[in-house]
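Participant: with the input below, show me the fold.
(chains A and B)
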Amino acid sequence: MSAPVLRLTGITKRFGPLVANDAISLELHSGEVLALLGENGAGKSTLVSILFGHYTADEGQIEIFGQPLAPGNPRLALAAGIGMVHQHFTLADNLSVLDNVMLGSEPLWQLFSRRSAARTRLLEVARRFGLPVAPDAKVGSLSVGERQRVEILKALYRGARILILDEPTAVLTPQESEDLFKTLGQMVAQDLSIIFISHKLGEVLRVSHRVAVLRGGKLVAEAPASGTSQAQLAQWMVGHAVTATQRRPAQSPGQAVCALNNVSTAGAGRGQLDGVSLQLKAGEVVAIAGVSGNGQLALAELLCGTRAASLGEITFLGQPMKASPAWLVTQGVARIPEDRHGVGVVGDLNVWENAVSERLRSPAFSKALWVKRQAAQAHAGRILREFDVRGGGPHTPARSLSGGNMQKLILGRALVAPSTETTASQSPKLIIAHQPTWGLDIGAVAYVQQQLIAARDAGAAVLVISDDLDEVLALGDRVAVMHAGRLTQALPAEAWTREAIGLAMAGVHDETTAGVSA
Amino acid sequence: MRLEKRTQTSKLALLLAPMAAIAFTLLVSSLLVLWAGAPLGQTYALLFKGGFGSVFALSETLTRAVPLILTGLAATVAFKARLFNIGAEGQLYAGALAAVAVGGLHGGTGFDLPIWLLFVLMMLAAAIAGALLLLGPALLKARLGVDEVVTTLLLNFIMLLFVSAMLDGPMKDPTAMGWPQSVALQGDLELSKLVAQTRIHTGLIWACSLAVALWALMKYTVPGFDIRATGANARAAAFAGVPVTRTVVLVAVLSGALAGLAGAIEVAGRTSYVTLDMSPGYGYTGIVIAMLAALNPMGVLAAAVFVAGVLVGADTMSRAVGVPTYIADVIVAASLISVLVATLMTQYRVVWRRKP
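Facilitator: Reported below is the predicted structural model:
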């Protein structure tokens, strides 16, 4: 085998007592796709940040094409041929594709921009790697898949020979992902090397030659992709055998709990709702698939009471639904927002305060505006116990909880009503869960999903909005797809194929769904 | 160089941080004292003696601390909710004018009321005047997103000009021989002295009680939770059902009322009439005090006494060794900056990036 293009030797990085990378040694060969697999917090991001010069390793060396790479300098990493495509794009929406590609690659003290030369070069790179692109299109007008293509081109334009892709499929439809995989194939055929970071087992096996698995900062396994299986990879990732969430089919759903009738929201862009109708019934999970940014946030905010509809009506148990979080909580609506840190909890306040924040005005936790601290803290303690929230007691700031524990806290807050409450809000009637497992490790994912299923079995109507197709199919009794603010009919999960969902996510749905529903 | 978040803060760092802040403050002010050519030890000794060294010095310091505590509390409650009220100075004058309007115009006899009721009305009027002055900017912020820093700051100048107009017009003291000052408060309305032969008055008890009340409000009540949640993360607070707009209005009323009371208590406790220089920037110093106290109402008490002591002590020291009183401003400013930096350093550490 040829000499490695990239060699990491004994990379160690500590953050205080936390060892984020523990003596990791890896090699990457020319024309190879290496998948870097691991749960959140396993050390993937730290490792590539060291490679790209954002962090300096405490110990260990990096060699590129046989030359040592000086640590802690992204410019040198770029010059050595490392290109990085971040999960969140770093493009200027109001500039053209060409401008974005040229941005930062031209010297500052140069009187005239060499646009025509750059254009020729860009088109040449695009042709060579099979990445068709319109140089003069504004990035803001491109789809997510096209923007990712621009990001990749940007790296290749700068002469990258080693490409790092951080969770590249997280924002793509299944079809766009397929296109990306084809592109990766073309790139490695031209002797580029690729590090592919992911936590989706299926695509890792599909796209990579070799898989390296990180767990708790250590490299726990390295294997050729052809010689391993999803179950094996999952076991390496988590450290023990994993069973997927078992979904029992719903009993026959009960009465309609919540109904949207031709609802639209006002505002600019494709993130607004455009005539959405949906019925949520007791004892049933409706899951909504779609590429994020197509109106899911507007839908979630409507049903969480933080936004009002501009057109159409929403009813809850036969009465008009008020756009008021406080009202919804008293009516038994459990809400799990997408953005844990920004919306779910107030990070600077203590865990116990966050645990009761939704119900602070209920007589269980306050009397004449005085907070009943003992009752509130007891309730918080109950949530921490029942939902197994670790990593902080009631008196630590909520900010210090990990993502999984924070989500358990939010889940517990939403699902557990104070025991003294005798009103009808004892158990939730409706659960709105937006990206409930985003960024969680496998254990926490299974826990959260099981809680949602359990609530469904207890008679709640559940709405799950997720970017993750696997999650949609794992949870949804009925599935609908969102695109550009419009929602397809919610059909039984069995009536959908992955391909049909993918097409609907891309907006090509009219004929196909008609076929499916027949 | 850049800042990297510390994963944990050691107990030692928490202990050392305030000491380092004090050391830095002393260093900066010492350099200026030396520059002025004054003996260092004597200067500091005089400064301390002038502020805290005798019953008289202490009484002067506490007298000066009263309005500072109140404006400090006004800034504390507002900043806690991220309503950046820079207008306490104007609100203080609004309160002072309102107090005189109720308790001074027509010799205070225009209202045929028992004196206790007149006193209550006077304080109430001052609180309402201060609150109203901040309510406009708060509503503009909540409804239209207008930056309250600009509006409250500019209102200070409008208010000062308004005071000037009143002192030359309807509230002019005809016996002051053209001096711009308002009519005096009716004598019965003045606050009684705490210690004979000093200027310290019962306003100190008012200020301390209000600090305790605000502390309890923030810690033990639902509105207190609303204020803290709104300030820390307004989106998350709204999601949890906190009435964010109503909370901002409540905060504006509280903050403006505290600053207005500062004006009324200054008039009733010390000056007995309004002049254009009755506040040497108490409203602005209140912001410094709130920051020094890390927005803790009880901390405001200590910070206000410290700042007042430095200001009062600097007067004495200046007369004796000829260092300008501005050294007091330097000490207060340097202490604020060093406390803020020291607090930051307990959470972050500086990483010097090696040049490749």
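Participant: what residue of chain A is the furthest out?
Facilitator: residue A:111 (42.6 Å; CA atoms, centre = their mean).
Participant: check what pLDDT that residue gets.
Facilitator: Residue A:111 carries a pLDDT value of 70.
Participant: which helix or which strand is home to it?
Facilitator: If you go by DSSP states H and E, residue A:111 is not part of any helix or strand.
Participant: got the contact list for the residue nearest to residue B:20 when sequence neighbours are not counted?
Facilitator: Excluding the flanking residues, the one nearest residue B:20 by CB to CB, 6 or more residues apart in numbering or on different chains is residue B:342, at 5.5 Å. C-beta: built from backbone N, CA, C; applies to glycine. Shown in contact with residue B:342 (CB atoms under 8 Å, 6 or more residues apart in numbering or on different chains): B:17-18, B:20-21.
Participant: tell me the secondary structure at residue B:342.
Facilitator: Of the three states, residue B:342 takes helix according to DSSP: H, G, I helix; E, B strand; the rest coil.
Participant: repeat that for residue A:322.
Facilitator: Under three-state DSSP, residue A:322 falls in the coil class.
Participant: tell me the contacts of it?
Facilitator: Residue A:322 neighbours (CB under 8 Å, 6+ apart): A:305, A:328.
Participant: per-residue pLDDT, the residue most central in space within chain A?
Facilitator: Geometric centre of chain A, nearest residue: residue A:438, 4.6 Å, by CA atoms, centre = their mean. Model confidence at residue A:438, given as pLDDT, is 83.
Participant: please apply the same query to residue A:250.
Facilitator: pLDDT at residue A:250 comes out at 64.
Participant: repeat for residue A:513
Facilitator: 45.
Participant: poorly predicted segments of the stretch 51-200 of chain A, please.
Facilitator: Within the stretch 51-200 of chain A, the segments meeting pLDDT under 70 span A:108.
Participant: what does it put close to chain B?
Facilitator: Selection of the stretch 51-200 of chain A residues close to chain B by CB under 8 Å from any CB of the partner chain yields A:56, A:70, A:72-73, A:76.
Participant: again, only using 10 Å
Facilitator: A:53, A:55-56, A:70-73, A:75-76 (CB under 10 Å from any CB of the partner chain).
Participant: let me have those residues in a markdown table, extended by secondary structure and neighbour count.
Facilitator: Formatted as a markdown table, these follow (DSSP: H, G, I helix; E, B strand; the rest coil; neighbours: other CB atoms under 10 Å in any protein chain shown):
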| residue | secondary structure | neighbour count |
| --- | --- | --- |
| A:53 | coil | 22 |
| A:55 | coil | 20 |
| A:56 | coil | 15 |
| A:70 | coil | 15 |
| A:71 | coil | 20 |
| A:72 | coil | 18 |
| A:73 | coil | 19 |
| A:75 | helix | 10 |
| A:76 | helix | 15 |
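Participant: out of the residues you listed, which comes closest to residue A:372?
Facilitator: residue A:55 (46.5 Å; CB to CB).
Participant: which element is the spatially closest residue to the closest one that is not a sequence neighbour on?
Facilitator: Excluding its sequence neighbours, the residue lying closest to residue A:55 (CB to CB, 6+ apart) is residue A:49, at 4.6 Å. Here residue A:49, judged by DSSP H and E, is contained in helix A:44-52.
Participant: by contact count, what packs against the very next helix or strand once past that helix?
Facilitator: Sequence-wise, the next helix or strand downstream of helix A:44-52 (DSSP H and E) is strand A:59-64. Other elements packing on strand A:59-64 under the criterion 3 or more CB pairs under 10 Å, 6 or more residues apart in numbering or on different chains; DSSP states H and E are strand A:6-15, strand A:18-28, helix A:44-52, helix A:74-79.
Participant: mind saving the C-alpha coords of strand A:59-64 as CSV?
Facilitator: Extracted in CSV, the C-alpha atoms of strand A:59-64 (Å, rounded to 0.1, in the frame of the first residue of the first chain):
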residue,chain,number,x,y,z
GLU,A,59,0.7,15.6,22.7
GLY,A,60,1.2,13.9,19.4
GLN,A,61,2.2,14.7,15.8
ILE,A,62,0.5,15.3,12.5
GLU,A,63,2.2,14.4,9.3
ILE,A,64,0.8,15.3,5.9
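Participant: and it, what's buried?
Facilitator: Neighbour counts over strand A:59-64 (16 or more other CB atoms under 10 Å in any protein chain shown) mark A:60, A:62-64 as buried.
Participant: so what are the sheet partners of that strand and their directions?
Facilitator: strand A:6-15 (antiparallel), strand A:67-68 (antiparallel) (DSSP bridges).
Participant: thanks a lot, see you next time.
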